[in-house]
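In: let's see this in three dimensions:
(chains A and B)
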Amino acid sequence: MNARPAPDDRLSAYLDGELDATERADVDGYLAESPEWRAERDAVAYARDALRGLSVHEAPPGFWEGVLSPELTRARARRSSRLPRLLAAATAGVAVAAVVIASLVIPSPDRVTPRVPALSDSHAVRSSVSDEPVSQLAALSMITPFRR
Amino acid sequence: MSIRSPRGLAMVAGVAVLAGLAPLALSSEPAATSQTGPGVQLLDDARRAAQEQDFSGVLEVTWSDSRGEHSSEVFVRSANGVLALGDRPRVIVDGARRFVQGPDGWLAVWSQETAPDVPPASDKWLLSVRDGPTVAGRPTREVDATDRHDDRVRERLYLDESTSLLLRREQLDTRGRTVRAVGFTSIGEPAGALIGALPTEAPSAPARSTSRQPRVLREVTTPFHAPGTAGDRFRLAGRYDEDHGTLHLFYSDGLFSVSVFEQEGDLDPAGLPAGAESRVVDGRDVRQYRTPGGVVMVWQSGDVVYTTVSDAPVDQIDRVVANFGPSGSPDALDRVTDFVLGPFSW
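Out: This is a model prediction of the structure:
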């Protein structure tokens, strides 16, 4: 024995005469056997008839423009102002990505610690060639905390 | 080094022109001898006397830094044209050659005869001569070097009246206080000298040494910078390629000299010697050391780390520093770049 399904949207199609013969026979069987199907059929029929019974009136001139134009205008404005911002954001994103990639690809500058005592010696040696050698080289021969 | 920019080409062209003109502008004799005046002549005599006179003595170096005044003594002897400094010599001078004792033996650190490449001291300094005090028991002639611009005496030199040996030199600050001095406390005949024979302890040039000599450069490439003049009338007298990609520029005003070392990269201060004083010189953050040999300054500008070493007064060095790299704090682009790249600078 097949289980009876719960009422569904076949009822609306049933009322509109849109079901084929097989489907219509099925719905007729459900309606005959089930108070639930019948109650649902009555509710759908009521709503359907109520909507179709409403009268249609034309809106006064300018009504829709008054309702929709400001919103449309704002929407258009939002779209037009959003475009440059989107472009700027995209450009910034590309720039940041380029910088990040560049920082990964291009080696960062070497870290340099000047060998200060050795450079001092180089200066003393060079200056002793042009100047009086004893006074220029005296410090080079000394053991000082700076040189250690 | 090769030329990589139009600026470099222009610089090299300028240097080449200067190099071409140099022989015309400078005589073949040492610069000092081409100048007139007893002061210039005495300084030139002192340069030669240290190697031509035989002597031995004790030299005292005094200097001051942020921790106070210091002094240290060095034994010096000279015989037969060879000069040695240190009880067990650590430095040997033999003509144009310079040897320094390294951890694994002697290093030959210089051997080049240099052209008369420094400007005459009398261009910038007024050299006045008078009778000086007795130094290490010897009568002296005193040479006072006065800046022609501000009439301040910045260096006093005392020369042995009979041999012209430089017995003492004192450096003065702008207020006339002695900030560094090098002078003999005793001096006499070479130790162990024998009449008519070679002194038994005569110094001699090392038979073996390892070369550590800088290479003379004819051009300088970016990002390095080598102005022909710097500071207060210091003239570029030499460009050298030192170890570790270090450019060495040597400037002189005839009395003092300044070496400017340039290295490409970012300054890593962690490995610098302790005892630096922090200063701001023409907008640059400078670490300064006052040492027995003079003043050392380290700073960074752009992609170059600079180190200056000089026996000149600090105010003179400051003016040289101002010639290297842009001054002031980093511009907006530098700050933005640092901000963005900072986290990735591992």
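In: name the residues of the stretch 1-150 of chain B found near chain A, please.
Out: Residues of the stretch 1-150 of chain B lying close to chain A (CB under 8 Å from any CB of the partner chain) are B:43, B:46-47, B:50-51, B:59, B:61, B:70, B:72, B:74, B:76, B:83, B:85-86, B:89-91, B:93, B:96, B:98, B:100, B:109-110, B:112, B:114, B:117-118. The way it works is simple: take the backbone N, C-alpha and C, and place the C-beta from them, glycine included.
In: where do the strands sit along the stretch 1-150 of chain B?
Out: With DSSP state E, counting those that start in this stretch as the criterion, the stretch 1-150 of chain B has strands at B:55-65, B:68-79, B:82-85, B:91-94, B:97-102, B:105-110, B:125-135, B:138-147.
In: buried set for the longest one?
Out: Pointing back at strand B:68-79 there. B:70, B:72, B:74-79 (16 or more other CB atoms under 10 Å in any protein chain shown).
In: how about those in TSV, adding distance to residue A:19?
Out: Formatted as TSV, these follow (distance: CB to CB, whole Å):
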residue	distance to residue A:19
B:70	111
B:72	114
B:74	118
B:75	122
B:76	122
B:77	126
B:78	126
B:79	129
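In: and which of the residues you listed is nearest residue B:187?
Out: residue B:76 (8.4 Å; CB to CB).
In: quickly list what that closest one is bridged to.
Out: Counting by DSSP bridges, residue B:76 is bridged to residue B:57, residue B:85.
In: so it sits against residue B:54, correct?
Out: No: at 11.7 Å, residue B:76 and residue B:54 do not qualify as touching, with contact defined as CB atoms under 8 Å.
In: just to revisit the earlier point, the buried residues of strand B:68-79: which two are farthest apart?
Out: That would be B:70 and B:79, which, of the buried residues of strand B:68-79, are the farthest apart (CB to CB) at 30.0 Å.
In: next, count neighbours for residue A:95.
Out: Neighbours of residue A:95 under the rule other CB atoms under 10 Å in any protein chain shown: 11.
In: pretty sure it is in a helix, no?
Out: Yes: per DSSP: H, G, I helix; E, B strand; the rest coil, residue A:95 lies within a helix segment.
In: and it, how far from residue A:87?
Out: Distance of residue A:95 to residue A:87, given as CB to CB, to the nearest Å: 12 Å.
In: the strands in the stretch 201-346 of chain B, which residues?
Out: Along the stretch 201-346 of chain B, counting by DSSP E, counting those that start in this stretch, strands occupy B:210-211, B:215-216, B:229-230, B:234-242, B:246-252, B:257-264, B:266-267, B:277-281, B:284-291, B:294-301, B:304-310.
In: tell me which helix or strand in chain B has the weakest average pLDDT.
Out: Least confident helix or strand of chain B, by mean pLDDT, DSSP states H and E, is helix B:6-25 with a mean of 42.
In: poorly predicted segments of chain A, please.
Out: A:1-2, A:53, A:55-59, A:63-86, A:99-109, A:144-148 (pLDDT under 70).
In: ranges for the strands of it?
Out: With DSSP state E as the definition, chain A shows strands at residue ranges A:111-112.
In: would you map out the domains in it?
Out: Domain ranges of chain A: A:10-53, A:115-148, per automatic domain parsing.
In: one more: chain B?
Out: Per the record, chain B has its domains at B:6-10+B:214-344, B:35-211, by automatic domain parsing.
In: for the strands of the stretch 201-346 of chain B, which one sits closest to residue B:170?
Out: Residue B:170 lies closest, by CB to CB, to one member of those: strand B:294-301, at 13.5 Å.
In: how far away is residue B:325 from residue B:303?
Out: The gap separating residue B:325 from residue B:303 is 10 Å, by CB to CB.
In: quick one, which of these two is more surrounded?
Out: Taking neighbours as other CB under 10 Å, residue B:325 and residue B:303 compare with residue B:325 leading, 20 against 16.
In: which one is the more buried one nearest to, not counting chain neighbours?
Out: In space, residue B:325 comes closest to residue B:301 once its chain neighbours are excluded; the distance is 2.4 Å by CB to CB, 6 or more residues apart in numbering or on different chains.
In: and that neighbour, how many residues sit next to it?
Out: Residues lying near residue B:301 (other CB under 10 Å) number 20.
In: bridging residues for it?
Out: Note on residue B:301: beta-bridge partners residue B:304, judged by DSSP bridges.
In: where in chain B is pLDDT low?
Out: B:1-36, B:115-116, B:191-201, B:326-346.
In: alongside chain A, which residues does the stretch 151-300 of chain B contribute?
Out: Proximity of the stretch 151-300 of chain B to chain A is confined to B:166, B:169, B:182, B:214, B:237-238, B:240, B:242, B:244, B:246, B:248, B:250, B:252, B:257, B:259, B:261, B:263-273, B:275, B:289, B:291-294, B:296, B:298 under the rule CB under 8 Å from any CB.
In: contacting residues for residue A:87?
Out: Residue A:87 makes no contacts at all, as judged by CB atoms under 8 Å, 6 or more residues apart in numbering or on different chains.
In: mind checking how far it is from residue A:121?
Out: Separation of residue A:87 from residue A:121 (CB to CB) stands at 59 Å.
In: next: residue B:239.
Out: Distance of residue B:239 to residue A:121, given as CB to CB: 18 Å.
In: kindly report the same for residue A:43.
Out: Residue A:43 sits 104 Å away from residue A:121, taking CB to CB as the criterion.
In: neighbour count: these two, which is higher?
Out: Set side by side, residue A:43 and residue A:121 show more neighbours around residue A:121, with 23 against 12, by other CB under 10 Å.
In: ok, the residue nearest to the more buried one when sequence neighbours are not counted - contacts?
Out: Using CB to CB, 6+ apart and skipping the chain neighbours, the partner closest in space to residue A:121 is residue A:140 (5.4 Å). Residue A:140 makes contacts with A:120-121, A:124-125, B:85, B:90-91, B:100, B:293, as judged by CB under 8 Å, 6+ apart.
In: again with residue B:214
Out: Going by CB under 8 Å, 6+ apart, residue B:214 touches A:122, B:240-242, B:248.
In: show me which of these are buried.
Out: Buried subset of the contacts of residue B:214 (neighbour count, 16+ other CB under 10 Å): A:122, B:240, B:242, B:248.
In: compute the number of surrounding residues for residue 97.
Out: This is for chain A. Residues near residue A:97, counting by other CB under 10 Å: 10.
In: to clarify, I was referring to chain B.
Out: The tally of other residues near residue B:97 (other CB under 10 Å) stands at 19.
In: now the one 4 residues further on
Out: Residue crowding around residue B:101 was assessed by other CB under 10 Å; the count is 18.
In: over to the one 3 residues further on?
Out: Other residues within reach of residue B:104 by the criterion other CB under 10 Å amount to 7.
In: and for residue B:323?
Out: Residues lying near residue B:323 (other CB under 10 Å) number 16.
In: sketch out the helices for chain A, chain order is fine.
Out: Ranges of helices within chain A are A:10-15, A:21-33, A:35-53, A:63-105, A:116-130, A:133-137, based on DSSP state H.
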